[in-house]
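1. Return a 3D structure for these sequence lines:
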Amino acid sequence: MAFQLELVISPPPPLPPPSSPPTRSSFLNSKPVSLSFQKLNPVRRQEEHLFFHSPTTFRSVPLSSLDGHVNSSAYASILERSECASLGKQVHAHAVKMGFQEHEFVETKLLQMYGRFGCFEEATQLFDKMPVRNLYSWTALLGLYVGRGDFEEALCLYEELLLEEIDLEFFVFPLVLKICSGLGLELGRQLHGVAIKNGFVSNIYVGNALIYMYGKCGSADEAKNVFGTMPERDCVSWNSMVTACAATGLVHEAFEFLEKMSDRSTPNVISWSAVIGGFSQNGYDEQAIKMLSRMIAAGLEPNAQTLASVLPACARLRMLSLGKEIHGYITRHAFMSNPIIVNGLLDVYRRCADIGSALKIFAKFSTKNAISFNTMIVAYCENEDMSKAKELFDQMELAGLRKDVISWNSMLAGYVDNSMFNEALSMYRELLMEEGIQADSFTLGSVLTASTELGSLRRGTEIHSQAIARGLQSNSFVGRALIEMYRKFQDLTAAQMAFDEIAEKDIATWNTLISSYALCNQVEKIPGLLQEMKEDGFDSNVYTWNGIIAGLVENGYYESAMQSFYEMQALNLRPDIYTIGIILPACSKLVTIERGKQVHAHAIRVRYESDVHIGAGLMDMYAKCGNINYARMTFNRISNPNLVCLNTMLSAFSMYGLGEEGIAFFHRMLVDGLKPDSVTFLSVLSSCVHAGVVERGKEFFSLMRHYKVTPSLEHYTCLVDLLSRAGHLNEAFDIVNEMPMDPDSVTWGALLGGCVSHSNVELGEFAAHQLIKMEPDDTGNYIMLANLYASAGRWSHVARTRQLIKDKQMQKNPGCSWIEDKNKIHVFIASDTLHPRTEEIYLTLNNLSFHIRAEAVRHD
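-> Numbering: from 1, shown residues only. The predicted model follows:
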C-alpha cells in the first residue's frame, strides 16, 4: 500500500542554470511537490522516515563523472544527486580546483547541498565568502538556521535579506513563517502583512504556510480566516487546518474539518494522525482510540506519527489488550527502531503494571537514553520495587547518560509514594550536591511531602526557605505542598500566607486551601472562601466539595457532611468515587441506613458498586446500621474482592455474633490462598469469642506467627476475652502477665467480665483494682465490681461499693437509643425531657405500658 506525504511547506523550485533566469510567473505556475513512500517489502516500511525527517537519499554518483570538460550544470547534477556530505565536500574541492569558487550558480548549489545535510559550519563559511548572493543562497542558509531552531539568528538573516536589492519570491515565506513558532504570533502577523504587500498571499503554498504558522502559534481563528480566503485549496490546506485546530485544543472542530474534507478530498494518513494526536494530547483518550478505529476502517494504515499519538491514550486508559495489539502491528511493520514509539510502548506496559513486558522492550529494543531509563524507573517505582528503580538509576552513569532532573524527580516521587520518606530526603541531599542539577518545583513538592509525613516542621521550613531563595514559592505545585504541610501542623496562618504567595492560583490551589480549613475544623470560614474563589473566577467543583466533606467527617460533623453531600448535588455536581468513599463513614457513624441506601443507589447508577473500596465502605455501613444481609449482598457483587473487603465482611460476621459463619469465612480465605493480616486475625479471634470456641481461637492466635503477623494488644485482649468467657481465668491471667506490652483498661475489663460470669472474686478484685487505677472516674468499673460481689452473694461488699459510688457522686451514663424517620434521627435518653415531641413520646410510652400490664393481667 502506498503512503504519500504532501509537504506543508513548498521548497523553492529547482535553481535554473544562469542561461535561463527564473521568472515570477514560472514560480506561480509550479505544481505541488510531494514525496511518495512505497512499501518496499513485507517487513520494512519507509513511512517511519516521516517521523524522523530522514534526509532524502539519491543514487550514488561517482566523482569520475567530473573527469574531462566540466561546466556548472555537471556540478549541479552531481550535487543534487549526492547521498552524503562527504561526496559533496569532494565536489566542492573539485570545483575550487577547476576555478568555480566564485561561480554564483555552483556556489549556490553547494550551499543548498550543505543545508540539506545540516553542515552548518561549511555552509556559513561558504555564504560569508560568496561575492554574489542570490535569493536561493539566502533561502538555503535561512533553511539551515530554521532547521537548527536558531530562530533569532534566522530572523536577523531575513532582515539582512530585506536590505539587499533582491526581490522576494513566494517560496521565501513558507520558510520565514516557520520562525514564528519560536518567536511568537505578533511576528507571524507582521510577516503575513509583508506577504500581502508583495502579492503572495493568494499562493497556495504561502496560504498553507500561514495556516500552519497560526496553528503553531495558537491562533486557530486566524488560521480559519486564511483558509476561508484561499482561492484554491489542496489536501495540504485541509491537513494544515485540521492540524491547526488540533494543536490549539479545538479537537471537535478538527474532526469537523476532517469530515468536510471527505466531501472534497480524500483524507490521508496525515489528516487522521492530526485528529488522533489532537484528541490524545487534549485528554480525549477514548475518542482518540475511536478515531484510530475509524481510520483503519477507512482503509488507511497507521504510520509512526499515528502510533506515537495513540500510544499515550492507550497508556492512560490502561488498555493492555489494545496495547499488545498495537505492539504486534509495530513489530510486523518494523517500527521498533523508532525510539519515540518504543518509549510509548514502555509507557503502556508501565501504566498497565506489566513490568515484565516493559523490561523486555527496554532491554531488547529501547534506545538507551534518559527518556527510556526514566520510564523504566517510574515503572519500578509504581510497582513498589524501589531497589530495582535505584539500581537502574545508578546504571545511567555506567551507560554514559547524565541523570537529568526528571530522573531525580522520578526517584524522589517513587520514594514518597512508597512511604520511604527518609530515603527521599537523603536523595534530595545528594541532588543538592550534584553539579549542574537544580531542584525544580516537582523536586520541592516531593521533599515537602516527605517532610510533612515525617512530622518534621523544621525540615519543611528549611525547604520552604530554599524555595523562596529559588523564587519557587510562587509556583502553584510548591505552594500546594506548602499549604498541605502547614495544614498538617495546624498552622492555618502559615498555610494562608503560602497561598497568598502563589502567583497564578488555579482551582486546585483553591481546593487545597479550602480543604485545609475544613480539616483544621475551621468550617465556619468555608462559605467566605467559596465566595472569594468565585470572585477569583473559579466555580467549585467535585474536588472542592470532596475536601469540605472529608473535613466535616474528620471532625465528627456527620450531619453537616450529609447536608454538604446533598448541597453539591443541588449544584449539579455529580459525586465521584472519592465522594462516595468519604460519605459512607458518615452514614455508618449516624447509623442512617436510609441515607446509606441513597448513597448506595448513586454508587450503582454510576457503576462504582463493584469497586473494592466502595464495596468495603458499603459493607461496613450496612453492618453498623444493623443489616447483615445487605452487607452480604454487597460483598457478593464485588467483582474481585481484595483483603480489605474480606476483612470487612469477616468483621461484620463478628459484629453480629455470627461466630461460626465468621470462622467458616476465614477458612475459605485461607483455601483461596489469601494471606491474612493483623485485621483479619483480630476479626476471626472476635468470631471465636462469640462462638465460644477456645481451642480454635488458640490455634488461630498461634497461626499468626506462620503468616509473620506480630500480635498487638488488641489480639492479646481478644484472646484474654475468649479464655475469660470460657472460664479459663488462670490461663487468661497468665496471658495478661506474659504479653510483651502493658495491658490497658479493655484487657482488664475482659478479665473482670469473665470473673463476674464465673464468680471468681479473688482474681476479679485484682482486675477491678487495676481497672479503677487506670480509670478512677468511670462509674462502670465500680458497677462491674458490685456485680462481681453480687455473683458470689457478698451483699455487704455490694452495699459498700454502691455507697462508694454515692460518696463520689458518680452517676451511670443513661441508656440511649435512636430511630431514623424521614431522613431525621430521633434520639431517646432515659428520663429525657428535651425532645421537641416529649409529650407525645411519654403519652405513647404510657399507652404501651398500660396495654402491657393489661395483657399480663389477662394471662394471669
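2. what does stretch 531-545 contact?
-> 505-508, 510-511, 514, 530, 564-565, 567-568, 571, 573-576, 579 (CB atoms under 8 Å, 6 or more residues apart in numbering). The C-beta positions use only the backbone N, C-alpha and C, and glycine is treated the same way.
3. One more: stretch 337-352?
-> 48, 51-52, 304, 307-308, 311-312, 314-316, 318-320, 323, 326-327, 330, 335-336, 355, 357-358, 361-362, 365-367, 369, 371-372, 375-376, 378-379, 382.
4. which residue ranges form the strands in this protein?
-> 3-6, 34-37, 816-821, 824-829 (DSSP state E).
5. Can you give me the distance of the spatially most central residue of the chain to residue 128?
-> By CA atoms, centre = their mean, the mean C-alpha position of the chain lies nearest to residue 316, the distance being 8.6 Å. Using CB to CB, to the nearest Å, residue 316 is found at 50 Å from residue 128.
6. hang on, the earlier thing: for the residue nearest to the centre of the chain, which residues are in contact?
-> 285, 351.
7. are any of the contacts of stretch 531-545 buried, and which?
-> 505, 507, 510-511, 514, 530, 564-565, 568, 573, 575-576, 579 (16 or more other CB atoms under 10 Å).
8. In helices, which of the residues you listed fall?
-> 507, 510, 511, 514, 530, 564, 565, 568, 579 (DSSP state H).
9. I'd like those as a markdown table, with pLDDT appended.
-> Output for those, formatted as a markdown table (pLDDT from 0 to 100):
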| residue | pLDDT |
| --- | --- |
| 507 | 93 |
| 510 | 96 |
| 511 | 95 |
| 514 | 96 |
| 530 | 94 |
| 564 | 94 |
| 565 | 93 |
| 568 | 93 |
| 579 | 93 |
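10. where does the stretch 201-350 of the chain have low pLDDT?
-> Applying pLDDT under 70 to the stretch 201-350 of the chain picks out residues 263.
11. Just the helices from it, written as ranges.
-> Taking DSSP state H, counting those that start in this stretch as the criterion, the stretch 201-350 of the chain contains helices spanning 204-216, 220-229, 235-247, 251-264, 269-281, 285-297, 304-316, 320-332, 339-351.
12. And for the stretch 651-800 of the chain?
-> With DSSP H, counting those that start in this stretch as the criterion, the stretch 651-800 of the chain has helices spanning 659-671, 678-691, 694-706, 713-725, 729-738, 745-757, 761-774, 779-791, 795-807.
13. Could you give the average pLDDT over the last one?
-> In this case it means helix 795-807. Helix 795-807 shows an average pLDDT of 82 in the prediction.
14. Next, the buried residues of it.
-> 797, 798, 801, 805.
15. Closest one to residue 288 out of those residues, please.
-> Using CB to CB, the shortest approach to residue 288 within the buried residues of helix 795-807 belongs to residue 805, at 73.9 Å.
16. sorry, back to before: of all the helices of the stretch 651-800 of the chain, which one comes closest to residue 227?
-> helix 678-691 (63.7 Å).
17. what's the angle from that closest one to helix 659-671?
-> Following axes from the mean of the first three to the mean of the last three CA atoms, to 10 degrees, one obtains 150 degrees for the angle between helix 678-691 and helix 659-671.
18. same for helix 678-691, what does it pack against?
-> helix 643-655, helix 659-671, helix 694-706, helix 713-725 (3 or more CB pairs under 8 Å, 6 or more residues apart in numbering; DSSP states H and E).
19. Mark which of the contacts of stretch 337-352 are buried, thanks.
-> Neighbour counting with 16+ other CB under 10 Å marks 48, 51, 304, 307-308, 311-312, 314-316, 319-320, 323, 326-327, 330, 335-336, 355, 357-358, 361-362, 365-366, 371-372, 375-376, 378-379, 382 as buried within those.
20. I'm done for today, thanks for sticking with me.
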